[in-house]
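Engineer: Sharing a model that was predicted from the sequence below.
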Number of protein chains: 2
Amino acid sequence: MANGIGELLPPPRLMLTPGPSNVDPRVYRALATPLVGHLDPWFTEMMGDVQGLLRQVFQTQNRVTFPISASGSGGIEAAVVNPLEPGDEAIICVNGTFSERMAIIAERTGARVMRVEAPYGRAVDPEDVRRAGKGRKVKLVGITHGESSTAVANDLNAFRRVADELEAILVVDTVSTLAGMPLDVDGQRLDICFSGSQKAISAPPGLAPITLNERVEQMLRARKTPVQSWYFDLTTTMNYWGKERTYHHTAPISLIFALREALRLVVEEGLSARWERHRQNQQALLAGIEAMGLEPFVETPAERMITVTAIKVPAGVDDRKVRQQLLDEFNIEIAGGFGPLKGKIWRVGLLGCSSTKNNVLLFLAAFEKVLLDQGCKVPAGAGVGAAVRSYAETSAVATGGKK
Amino acid sequence: MANGIGELLPPPRLMLTPGPSNVDPRVYRALATPLVGHLDPWFTEMMGDVQGLLRQVFQTQNRVTFPISASGSGGIEAAVVNPLEPGDEAIICVNGTFSERMAIIAERTGARVMRVEAPYGRAVDPEDVRRAGKGRKVKLVGITHGESSTAVANDLNAFRRVADELEAILVVDTVSTLAGMPLDVDGQRLDICFSGSQKAISAPPGLAPITLNERVEQMLRARKTPVQSWYFDLTTTMNYWGKERTYHHTAPISLIFALREALRLVVEEGLSARWERHRQNQQALLAGIEAMGLEPFVETPAERMITVTAIKVPAGVDDRKVRQQLLDEFNIEIAGGFGPLKGKIWRVGLLGCSSTKNNVLLFLAAFEKVLLDQGCKVPAGAGVGAAVRSYAETSAVATGGKK
């Protein structure tokens, strides 16, 4: 023992938060593979594997496609501080914590930022963006694909049309959706798209995959001022991930090993099968919670994320006590709400490896036990029963071989 | 196979670069431990272990002591963009790639940055800083403890005295020295000190431990403008690592598990024993290369880093071919020079787990074989012989139980 600090013995949690998700044993094995140097010729060649796999998952041919050496929030920063310069105009669509974060970061560039807001729990209205941008020279429209703080999904195609009218680039946060919800970077013409490793990709946290197209590359080359962040300056980091493999900073080798293996798992399963698995498991979860008398926070079904589901905390029930008992009695972690939603919603993530039938059924069973103990009347077995029936209805459809 | 991308099969490299260094099996085991959430009560308590261990290794009581979720270069950015605001004056001591990087990052804050330079291969002269700062209101003096691009060490105590005269804070880059060379943050009154996980701590890359004192905390609280980087904004990230454990971004859980184990190994060995191990192994390496007729790049012994040694490439020898053969024939990775030193020096890191007698002897033997093949006349067995004698002279001194 080092001065009282003993062996690392974390509890064996089942991760049903909006991230990190559970990690496949193959990915842990890759993570713990003895490392090599970040300039080792073997490594600089292997980086091409990771980029090729990311292009498949983003569905893009973009040359500049690589994992940023930071968590998803670093992806937000890279995605806005690179195209924006002081005096530029930007519209950020804000309907939760992470889109709010995008606006805050954009403001720190010295750009003039207009926030187009929607109430938490609702998608942003593309008409509001159209109105806000009318007659202005907007350089960038920023939007979340899935705003995981509220579990709301925005309709990217509608925002692409508005951004086209404004002649603005579209920057899309897919941190909580990539590899879990349908997305096609080239087909949907998303100019900058970034994600996080620890969500539906199911690698450990610490990397933010990003992709950007030729139009953005030109925009970066035309900058008049240096990017304010050196670490997130894509004009230079893209050279380390470019043909030259020019040293920029020491990449987190072990995390890149793990990401490579997690991406192989995504591609082996196939994107369509993977999206369908996520959809079916969420349908079963929703059937279960509604049968228990609980309500999803997002009222409009078309505005619900597939990967993260928010549930209203019933009146009289203590959010924290429920989450604590889930941890203590079942080793299951779900998340609460942020800011104005603190104590008002639970957020359940069924992301990547965590999106399985087994996890849905176990969660509903454990949730029933905990709610009962916390004084919330729930009909016996209703949640599990409804989920089982949801699966039975879709049993003719292949589920990608996942239990 | 995922579209032709096969199993991850890296070559088993011996890491003798200036980082990443070899990683202990215990640290890989911690790295691959199934993760928990970044807001899990178990994790937020465990974060205190990591902070306590870091305080022991930095030798500080500073409240704000934690690993930044980025590589060492992210540590540089955090260390200068937080104290500096537009219009502030800063002096950065530049004698290599990494101190140059500190100056570039400082310039992006809008501060007025004076570079005090020394030729590559020499330490910066504190008198030059005194002269440059005379009559000016300097807020910050930045310096590397070890400039690993040239293997030069700067005398921190001398710069502390000058910074005191200027009433400036001292910001110290210990990326390549912490846990490998004597350092005492509180005793030497270093105001901001940061490092990298993949050097003498021997964890995987991706974390930048940082510590800052009460004076800097007050400086941050008194800022008039927001820190330009949201991700590296210590005024908020220190709340996640503070008593409140307020969510900021998703920390790289697996890397923090690994860092915890690597720090336990440092504390178990003891700082003094570890420094002495690094010193003895470098002495043996230096004895060996000099006996082979090679010259250290840093001519003044007192200005040499202990953890990284630079060797002049002899006339007529191809730097790249030597490094490639070391990789191909022996799986040993060393580094070349950057920028003006490209092709002119080799850099050998004996950091953390990589600093062992076995590695020194093996490296010298392999290096002799490669140099011979590359047309460089070296006396038979001279390098190994000299290193063995260097160890024999110090054999009375305990080596911390490391082979």
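Structural biologist: Thanks, I have the structure now.
Engineer: Quick check: pLDDT value at A:Arg130.
Structural biologist: A:Arg130 carries a pLDDT value of 98.
Engineer: Could you do A:Ala387 as well?
Structural biologist: We have a pLDDT of 98 for A:Ala387.
Engineer: now do A:Ile104
Structural biologist: 98.
Engineer: count of neighbours near it?
Structural biologist: For A:Ile104, the neighbour count with other C-beta atoms under 10 Å in any protein chain shown is 18. All C-beta spots, glycine's among them, are computed from the backbone N, C-alpha and C.
Engineer: my read: A:Thr307 touches A:Ser354, true?
Structural biologist: No - using C-beta atoms under 8 Å, A:Thr307 is not in contact with A:Ser354, being 9.5 Å away.
Engineer: These two: which has the busier surroundings?
Structural biologist: Legend: neighbour count by other C-beta under 10 Å for A:Thr307 and A:Ser354, higher for A:Thr307 (33 against 27).
Engineer: what's the distance between A:Val388 and A:Thr307?
Structural biologist: Using C-beta to C-beta, to the nearest Å, one gets 22 Å for the distance from A:Val388 to A:Thr307.
Engineer: Ignore what I typed, I meant A:Leu31.
Structural biologist: As for A:Leu31, its distance to A:Thr307 is 22 Å (criterion: C-beta to C-beta).
Engineer: can you give me the strands in the stretch 251-400 of chain A?
Structural biologist: Remark: strands assigned in the stretch 251-400 of chain A by DSSP state E, counting those that start in this stretch are A:308-312, A:332-333, A:335-336, A:345-349.
Engineer: Make a markdown table out of those and add distance to B:Phe257.
Structural biologist: Listed next are the strands of the stretch 251-400 of chain A as a markdown table, based on distance: least, C-beta to C-beta, whole Å:
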| stretch | distance to B:Phe257 |
| --- | --- |
| strand A:308-312 | 25 |
| strand A:332-333 | 16 |
| strand A:335-336 | 21 |
| strand A:345-349 | 21 |
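Engineer: got the residues of the stretch 301-403 of chain A near chain B?
Structural biologist: Taking C-beta under 8 Å from any C-beta of the partner chain as the test, the list of the stretch 301-403 of chain A residues beside chain B reads A:Gln324, A:Leu327, A:Glu333, A:Ala335, A:Phe338.
Engineer: Which of these are buried, as a PyMOL select command?
Structural biologist: To isolate the buried subset of those in PyMOL, counting by 16 or more other C-beta atoms under 10 Å in any protein chain shown, use the following:
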select buried, chain A and resi 327+333+335+338
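Engineer: related to what we said a few turns ago, can you list the strands of the stretch 251-400 of chain A in JSON lines and add distance to A:Leu259 and mean pLDDT?
Structural biologist: Shown next, in JSON lines, are the strands of the stretch 251-400 of chain A (distance: least, C-beta to C-beta, whole Å; pLDDT from 0 to 100):
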{"stretch": "strand A:308-312", "distance to A:Leu259": "21", "mean pLDDT": "98"}
{"stretch": "strand A:332-333", "distance to A:Leu259": "22", "mean pLDDT": "98"}
{"stretch": "strand A:335-336", "distance to A:Leu259": "23", "mean pLDDT": "98"}
{"stretch": "strand A:345-349", "distance to A:Leu259": "19", "mean pLDDT": "98"}
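Engineer: which one of those lies closest to A:Asp49?
Structural biologist: Of all the strands of the stretch 251-400 of chain A, strand A:345-349 sits nearest to A:Asp49, with 27.6 Å by C-beta to C-beta.
Engineer: Who does that closest one pair with, and is each partner parallel or antiparallel?
Structural biologist: If you go by DSSP bridges, strand A:345-349 pairs up with strand A:308-312 (antiparallel), strand A:335-336 (antiparallel).
Engineer: Ranking these by mean neighbour count, which comes first?
Structural biologist: Highest mean neighbour count among these (mean count of other C-beta atoms under 10 Å in any protein chain shown): strand A:308-312, with a mean of 25.
Engineer: quick one: least confident helix or strand in chain A?
Structural biologist: Here the helix or strand of chain A ranked lowest by mean pLDDT, DSSP states H and E is helix A:234-240, holding a mean of 92.
Engineer: packing partners for that one?
Structural biologist: If you count contacts as 3 or more C-beta pairs under 8 Å, 6 or more residues apart in numbering or on different chains; DSSP states H and E, helix A:234-240 packs onto strand A:64-68, helix A:214-221.
Engineer: Select, out of those, the one closest to chain B.
Structural biologist: strand A:64-68 (9.8 Å; C-beta to the nearest C-beta).
Engineer: can you list contacts of the closest one?
Structural biologist: Contacts with strand A:64-68, where a contact means C-beta atoms under 8 Å, 6 or more residues apart in numbering or on different chains, come from A:47, A:50-51, A:54-55, A:58, A:74-75, A:78, A:194, A:197, A:207-213, A:216-217, A:232, A:234, A:237-238, A:241-242, A:255-256, A:259.
Engineer: What of stretch A:385-394?
Structural biologist: By C-beta under 8 Å, 6+ apart, the surrounding residues in contact with stretch A:385-394 are A:Gln280, A:Gln283, A:Ala284, A:Leu285, A:Ala287, A:Gly288, A:Glu290, A:Ala291, A:Lys357, A:Val360, A:Leu361, A:Leu364.
Engineer: If you rank those residues by neighbours, which is first?
Structural biologist: Neighbour counts for these (other C-beta under 10 Å) peak at A:Val360, which has 29 neighbours.
Engineer: before we move on, back to that, biggest separation within the residues of the stretch 301-403 of chain A next to chain B, which pair?
Structural biologist: A:Leu327 and A:Phe338 (18.6 Å).
Engineer: hang on, the earlier thing: quick one, which of the helices and strands packed on helix A:234-240 is packed in tightest?
Structural biologist: strand A:64-68 (a mean of 25).
Engineer: Alpha carbons only: can I get it in PDB?
Structural biologist: What follows is strand A:64-68, C-alpha atoms only, in PDB (Å, rounded to 0.1, in the frame of the first residue of the first chain):
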ATOM      1  CA  VAL A  64      -9.700  15.100 -42.300                       C
ATOM      2  CA  THR A  65     -11.200  12.400 -40.000                       C
ATOM      3  CA  PHE A  66      -9.500  11.400 -36.800                       C
ATOM      4  CA  PRO A  67      -9.900  11.200 -33.000                       C
ATOM      5  CA  ILE A  68      -9.100  14.400 -31.100                       C
END
